[in-house]
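> no letters, just coordinates:
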């Protein structure tokens, strides 16, 4: 008999930091646990920030973070998905699509009807994932390290 896997979505907390760090490393962003905990504590205190986790049987297997922002040239707020990751062991199982839909539904319930994100040019599989979930390329991101 196969074990049943129960997938849930919830708001992340500082207690999820070790699992989050592992996922952040999968995105090739290397930082210390202390820096991550500090960032999580600062960000979750903000009303315009939301950090979600996806769990399989209470084990964190994915995360997504959303920042709401009001641009001067738009009537409504928009959301920026600034990080999204599903553990490599759980990819290509349609779990990421369900998690992304959960985040989109959350935004919609907050009267936010536009989500933007960036994805590094080398992340071809991620681009395919986003395109398969209705996202399209509409601009280029320019940045300058100061």
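Alright, I've got the coordinates. Here the structure is a predicted model, which means the values were calculated and not measured. Numbers count the residues shown, from 1 in each chain.

> is it correct that residue 50 is in contact with residue 81?
No: if you go by CB atoms under 8 Å, residue 50 and residue 81 don't touch, sitting 10.3 Å apart. In short, each C-beta sits where N, CA and C put it, glycine included.

> any common contacting residues for those two?
Shared contacts of residue 50 and residue 81 (CB atoms under 8 Å, 6 or more residues apart in numbering): 65, 66.

> any idea which strand is longest in the protein?
strand 59-69 (DSSP state E).

> sheet partners, orientation included, of that strand?
Next to strand 59-69 in the sheet, as set by DSSP bridges, lie strand 49-56 (antiparallel), strand 78-86 (antiparallel).

> how about the ones you listed in a markdown table, adding mean pLDDT, distance to residue 15 and mean neighbour count?
Shown next, in a markdown table, are the strands paired with strand 59-69 (pLDDT from 0 to 100; distance: least, CB to CB, whole Å; neighbours: other CB atoms under 10 Å):
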| stretch | mean pLDDT | distance to residue 15 | mean neighbour count |
| --- | --- | --- | --- |
| strand 49-56 | 98 | 10 | 19 |
| strand 78-86 | 96 | 18 | 19 |
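
> let's have those strands in TSV, adding distance to residue 100.
TSV is the format used below for those (distance: least, CB to CB, whole Å):
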stretch	distance to residue 100
strand 49-56	10
strand 78-86	7
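
> and residue 113, which of those strands is closest to it?
Proximity to residue 113 (CB to CB) singles out strand 78-86 among the strands paired with strand 59-69, at 8.0 Å.

> perfect, that will be all.
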